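Visitor: Curious how this folds, go ahead:
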Amino acid sequence: MDDTPGSPQLEIVTGNLPAGFEALRADARTEGFRQIERLAIDWETHTTRFDRQGEALLAARIGGVLAGIGGLTIEPVVPDAFRMRRFYVRPPFRRSGVGRKLVVALLAQVEHTGQAITVNAAAGSVPFWEALGFKRDTRDGHTHIRPGRRS
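Guide: Numbering: from 1, shown residues only. This next block holds a predicted model:
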């Protein structure tokens with residue numbers, strides 16, 4: 001991982017949600033994004049813990065501050081696929097490489113499987129996901145898919 005000052009540092013989230021999560025949650029709520037509230041509820045109830053084979057939840061920090069979060073789970077609708085979930089980057093850290101670093105790290109851990117990966121991209125994030133190889137596909141409750149070698 002890049003250790004350049006100001007570059008995002010990633011950590012795998014296990015056990016508890018990361019320090020600084022409540023500030024991130026408040027920012028998301030203020031902007032009207034619900035995915036972080038859903039993450040908190042699912043984490044607390046053990047509904048989604050990103051702990052099955054291939055899954056992960058990553059937190060990104062810049063200067064020790066929680067800048068963003070994002071995860072990868074087994075896709076519940078598309079057989080033999082994964083889904084990017086619960087992505088959020090706090091406003092002061094956008095366009096600093098946080099989101100890209102989270103996605104690239106998650107893709108790297110499952111790329112060898114050859115499985116497709118879906119995402120439900122918010123309107124403002126469509127160019128971001130498409131720049132990372134996701135193609136518009138609105139079947140099965142997602143907005144985009146990154147085809148795998150098996151697709």
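
Visitor: I'd like the distance from the lengthiest helix in the chain to the chain centre, please.
Guide: Assignment by DSSP state H gives helix 98-110 as the longest helix of the chain. Averaged C-alpha coordinates place helix 98-110 at 8 Å from its chain's average position (Cα atoms, centre = their mean, to the nearest Å).

Visitor: cool, stretch 103-114 as well?
Guide: Worked out by Cα atoms, centre = their mean, stretch 103-114 lies 12 Å from the chain centre.

Visitor: Check which element follows the longest helix of the chain along the chain.
Guide: strand 116-119 (DSSP states H and E).

Visitor: That following strand pairs with which strands, and in what direction?
Guide: Strand 116-119 has the following sheet partners, assigned by DSSP bridges: strand 81-89 (parallel), strand 144-146 (antiparallel).

Visitor: Tabulate those (a markdown table), appending mean pLDDT.
Guide: Putting the strands paired with strand 116-119 into a markdown table (pLDDT from 0 to 100) gives the following:
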| stretch | mean pLDDT |
| --- | --- |
| strand 81-89 | 97 |
| strand 144-146 | 95 |
